[in-house]
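Undergrad: Turn this into a structure:
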Amino acid sequence: MACGTPVIATKVGGVVYIVNNLNGLLVEPDNILSLSKAMKMILSGEISFDSKDISKYISDNFSMEAVGELLHQEHLRAFRYSNTTC
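TA: Purely as a prediction, here's the structure:
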């Protein structure tokens, strides 16, 4: 996805928080027909994605800088919470 390639993934675990209609397709787990349909939609051009948008979404939300900032904010929040409960 960082290179702008759309994905097809199953709706399990944290994947549903990463893959959306701008960067790929989600299919039901253990549903070969759904997977096959999603593959055909992408390969036939029935549905298309903007590779620049996919790459930007991943960079904005999952780069080392973005994840580092998120972790930093969570650490600050935890620190503030621990100081108010002591």
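
Undergrad: Leaving out the residues flanking it, which one is nearest to the residue positioned nearest the centre of the chain?
TA: The centre of the chain sits closest to residue 18, judged by CA atoms, centre = their mean, with a distance of 1.6 Å. In space, residue 18 comes closest to residue 62 once its chain neighbours are excluded; the distance is 7.5 Å by CB to CB, 6 or more residues apart in numbering. C-betas here are computed from N, CA, C, even on glycine.

Undergrad: any idea how far residue 70 is from the one you found?
TA: With distances taken as CB to CB, to the nearest Å, residue 62 is found 10 Å from residue 70.

Undergrad: How about residue 83?
TA: Using CB to CB, residue 83 is found at 21 Å from residue 70.

Undergrad: More neighbours: which of those two?
TA: Remark: of residue 83 and residue 70, residue 70 carries more neighbours, 12 against 8, as counted by other CB atoms under 10 Å.
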